[in-house]
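Participant: Okay, here's the prediction I keep looking at, along with the sequence it came from:
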Amino acid sequence: TAVGIAYTEGLLSLDERMAYNPDLDYEGGAGTLQFTAAPGQTFTLRELAQVMIRVSDNIAWHMLTRRLGKENLKAFMRSLGGKTVYPEDKNFSTAEDLSTYMRATLDFAQKNPELGGLLIDDLTHSIYKDGLPALLPEDVTVGHKVGALPAVANDTGIVFLPDRPYILTVMTKDVGASENPGFAAIGEISRLIYD
């Protein structure tokens, strides 16, 4: 993958530091940096990637997008097979595209165990226990990334069954005043697929 190549060729380093600029990076909603980051405070790319995945941190997402370049990210997503990539520059996607990206994540981790292992570790240590893993047995490992807005709940991930991992993406909308009914439905769908 382009990011993996850039990393292995020395064009990116997970130890590279970025300074938080609230004028460019601030967004409320999910994440912890909105409460803890001070203007000018620096974070490594690894730290930003970790909180972006594990706690769905919006500020980390803005900072990484600023560093990598949105056009580069869009080209990368298309190179993986993405078809609905920021249509009209909006942050929209499809279940097919999210599943494509998750498949690329799994493939990358299998080919690059050290770097890919960090990514899988972050996905399997999400603070969000609703959605895909909610109704699965506790001994089943799930690596997933949620996305939520009022009345919208989305989850994409890998269910790591022994010798038979599978990818599942469920996207919902118009689920009520909060995203909770959407995540409950995602949990039920996930359990049906698992069974």
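Facilitator: Great, that's in hand.
Participant: Using neighbour counts, pick out the buried residues of stretch 91-108.
Facilitator: Neighbour-count burial for stretch 91-108, counted by 16 or more other Cβ atoms under 10 Å, picks out 93, 97-102, 104-106, 108. Where you see a C-beta, it was placed from the backbone N, CA and C, and this is true even at glycine.
Participant: Report the secondary structure element holding the residue lying closest to Arg66 once chain neighbours are set aside.
Facilitator: Take Arg66 and drop its neighbours on the chain: the residue closest to it by Cβ to Cβ, 6 or more residues apart in numbering is Leu24, 6.2 Å away. Leu24 belongs to helix 22-25 when assigned by DSSP states H and E.
Participant: do Gln110 as well
Facilitator: Using DSSP H and E, Gln110 maps to helix 95-111.
Participant: Quick check: what element follows that helix along the chain?
Facilitator: helix 113-124.
Participant: Could you check the angle that next one makes with helix 95-111?
Facilitator: Angle of helix 113-124 versus helix 95-111, following axes from the mean of the first three to the mean of the last three Cα atoms, to 10 degrees, is 140 degrees.
Participant: ok, which stretches of the protein are helices?
Facilitator: Secondary structure of the chain (DSSP state H): helices at 2-8, 22-25, 33-36, 45-54, 58-68, 70-79, 95-111, 113-124, 180-194.
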